[in-house]
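> no letters, just coordinates:
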Ligand SMILES: Nc1ncnc2c1ncn2[C@@H]1O[C@H](COP(=O)(O)OP(=O)(O)OP(=O)(O)O)[C@@H](O)[C@H]1O
């Protein structure tokens, strides 16, 4: 680095300096030659820059010149046939190596055209030294239903700045949703622009696993097309959604994923349906214990679950950190529909206190010893559910108000793309979850078990349920 602050020689007194710009006359031919040289240089740069188009075009021109028109037509026709055949025979590799790279080039051009306007209007441009600096597109990748745009942020920006502007970006680029995730290196962010909707169609009842994997119960589909698997071991599950959002389908999908365990004697389902059995009554036979009207009975069930959790914890302490279910000591799963009826709307004070205490013990001590709660609720506020923080796993379905999203899924999750308050009423069963190790929420659709499939399941697996009503 030069010593720019050191000037050798004599120090001249500071005096005003008059400068006159020199006027230099060039002959016209020199100007013309200069412009031609500039144009040729631009052509060379453009040729190498857009090599993916120019190199094949050059090859084709050379082929045409060398072998003539007929051979050229045969070549083009043969290539098209080869592509079509490849696409039919092995679509995944064709998409990966042929279609998506080409599409990515086209999309890159499209994004670049609207990039400046989008960045400025989304307030992602920075004014510095009387200049406007905007983030740079580094790379575009296409995947099934979404584009991944790698962006170099302006110094000082963070991925959350893009997450906060994601809705504006979605409208600017005409896509369904934009999510911002940290890039592979510092100073980069990846924008995921979701185009199609893999979750548009209703998902029917999923196959029942013979023996459930309690760390990965299949209950729906993720928007990236992968199955959504719920971890039950070591956690308690809360499903939150407005009326008609599909809480029932979440409950029945979880039950469906567990009934194989019921048949093997490794799972016991206890049903608490304070709405008079409206939701769970239809599958009544699957539950070893069931209460739907009597709140004292529900309190007693919760207390029994709490005692069981405490006994198991006392016995297992120092031996293992995770209980594994056996037919002698099965996994107990309390399925509670509309939990607020137990935590907020019970008028009998004493009963309410009993429920609160028992629920607290089950939620805190039960998760390591095989006593789990899967509860659904409409209103996630603290007044309705003081124990919300004791549910480590939460599924956010359609919610009525924007602030509820962060209440359910965690701070900043709405900014990061969990638009639970924007899920249309016409799409029940759609929701968002936070996956382990992923900072951005995942959109999912739960499988829909209609009344007939629940009845079928209850009549098939009900006979394995040994407990008394
Ligand atoms: N996963 C799903 N896929 C498609 N449609 C669904 C799904 N889940 C539910 N539905 C439809 O939405 C309707 C309402 O669903 P559901 O009863 O599960 O909602 P809810 O949240 O439990 O409502 P409430 O709070 O009123 O009990 C169902 O009758 C069904 O038609």
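That came through fine. Values in this document were obtained by computation on a predicted structure and should not be read as measured data.
> contacts, neighbours, all on C-alpha from now
OK.
> can you list the buried residues in stretch 242-256?
By 16 or more other Cα atoms under 10 Å, the buried positions in stretch 242-256 come out as 242-243, 245-256.
> name the residues that touch stretch 94-106?
Residues from elsewhere that reach stretch 94-106 (Cα atoms under 8 Å, 6 or more residues apart in numbering): 83, 86, 87, 140, 141, 142, 143, 147.
> how about the helices in this protein?
Using DSSP state H, the helices of the chain run over 28-49, 51-67, 69-89, 91-94, 100-121, 159-164, 166-173, 247-263, 295-316, 340-343, 349-365, 402-409, 451-461.
> before we move on, the earlier item: ok, so of the contacts of stretch 94-106, who is nearest the ligand?
Of all these, the ligand sits closest to residue 143, with 25.1 Å by Cα to the nearest ligand atom.
> could you list the paired strands of the lowest-mean-pLDDT helix or strand in the chain along with their orientation?
Counting by mean pLDDT, DSSP states H and E, the chain has its least confident helix or strand at strand 126-128, which shows a mean of 83. Looking at strand 126-128 with DSSP bridges, its partner strands are strand 131-133 (antiparallel).
> now the strand it pairs with, how far from the chain's geometric center?
Relative to the mean C-alpha coordinate of its chain, strand 131-133 is positioned 33 Å out (Cα atoms, centre = their mean, to the nearest Å).
> okay, now residue 136: neighbour count?
16 (other Cα atoms under 10 Å).
> likewise residue 75?
Residue 75: 15 surrounding residues under other Cα under 10 Å.
> tell me the pLDDT at it?
If you check residue 75, the pLDDT there is 92.
> ok now do it, which residues does it touch?
Not one residue lies near residue 75 by Cα under 8 Å, 6+ apart.
> I'd like the distance between it and the ligand.
Distance, residue 75 to the ligand, using Cα to the nearest ligand atom, to the nearest Å: 49 Å.
> find the nearest non-adjacent residue to the residue of the stretch 1-150 of the chain found nearest the ligand, please.
Nearest residue of the stretch 1-150 of the chain to the ligand (Cα to the nearest ligand atom) works out as residue 145 at 20.3 Å. Nearest residue to residue 145 in three dimensions, chain neighbours excluded: residue 196, at 4.8 Å (Cα to Cα, 6 or more residues apart in numbering).
> tell me which residues touch that neighbour, please.
Residues in contact with residue 196 (Cα under 8 Å, 6+ apart) are 145, 146, 176.
> need phi/psi at the first one.
What that stands for is residue 145. phi 80, psi 0 (degrees, to the nearest 10).
> so what pLDDT did it get?
Looking at residue 145, its pLDDT reads 83.
> OK, contacts around it?
Each residue near residue 145 by Cα under 8 Å, 6+ apart is listed here: 194, 195, 196, 197, 198.
> the ligand: which of the residues you listed is nearest?
residue 198 (13.2 Å).
> who are the neighbours in contact with that closest one?
Residues counted as contacts of residue 198 (Cα under 8 Å, 6+ apart) are 145, 223, 224, 225.
> give me the domain ranges for this structure.
As assigned by automatic domain parsing, the chain contains the domains 90-194, 217-464.
> deepest of those domains, which one?
Stretch with highest mean neighbour count among the domains of the chain: domain 217-464 (a mean of 20; mean count of other Cα atoms under 10 Å).
> off-centre distance for it?
Distance of domain 217-464 from its chain centroid, counting by Cα atoms, centre = their mean, is 20 Å.
> up against the ligand, what does the stretch 351-469 of the chain have?
Counting by Cα under 6 Å from any ligand atom, the residues of the stretch 351-469 of the chain close to the ligand are 428, 429, 446, 447, 448.
> at 8 Å instead, please
When proximity is defined as Cα under 8 Å from any ligand atom, the stretch 351-469 of the chain approaches the ligand at 377, 378, 427, 428, 429, 430, 445, 446, 447, 448, 449, 450.
> export the residues you listed as TSV, with columns for pLDDT.
Output for those, formatted as TSV (pLDDT from 0 to 100):
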residue	pLDDT
377	93
378	92
427	92
428	94
429	95
430	96
445	96
446	96
447	96
448	95
449	94
450	93
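> could you check how far the residue of the stretch 1-150 of the chain closest to the ligand is from residue 181?
Shown here: residue 145 relative to residue 181, a distance of 17 Å by Cα to Cα, to the nearest Å.
> got it, and residue 104?
Per Cα to Cα, residue 104 is found 19 Å from residue 181.
> repeat that for residue 286.
Look at residue 286 and residue 181: by Cα to Cα, they are 42 Å apart.
> now the strands for the stretch 301-450 of the chain?
Using DSSP state E, counting those that start in this stretch, the strands of the stretch 301-450 of the chain run over 331-336, 371-377, 393-396, 430-433, 442-446.
> out of those, flag the one nearest residue 135.
With Cα to Cα as the measure, strand 442-446 is the member of these nearest residue 135 (25.6 Å).
> which helices and strands sit right next to the closest one?
Applying 3 or more Cα pairs under 8 Å, 6 or more residues apart in numbering; DSSP states H and E, we find strand 442-446 packed against strand 217-222, helix 247-263, strand 430-433.
> spatially nearest residue to whichever residue of the stretch 301-450 of the chain sits closest to the ligand (excluding sequence neighbours)?
Nearest residue of the stretch 301-450 of the chain to the ligand (Cα to the nearest ligand atom) works out as residue 429 at 3.4 Å. Nearest non-adjacent residue to residue 429, counting by Cα to Cα, 6+ apart: residue 246, 4.5 Å away.
> was I right to think the one you found contacts residue 396?
No. Using Cα atoms under 8 Å as the test, residue 246 is too far from residue 396 to be in contact (10.4 Å).
> ok, residue 355 - contacts?
By Cα under 8 Å, 6+ apart, residue 355 lies in contact with 299, 302, 303, 342, 343.
> Throw those residues into a markdown table and include pLDDT and distance to residue 129, thanks.
Listed next are the contacts of residue 355 as a markdown table, based on pLDDT from 0 to 100; distance: Cα to Cα, whole Å:
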| residue | pLDDT | distance to residue 129 |
| --- | --- | --- |
| 299 | 92 | 67 |
| 302 | 94 | 65 |
| 303 | 94 | 67 |
| 342 | 86 | 61 |
| 343 | 85 | 58 |
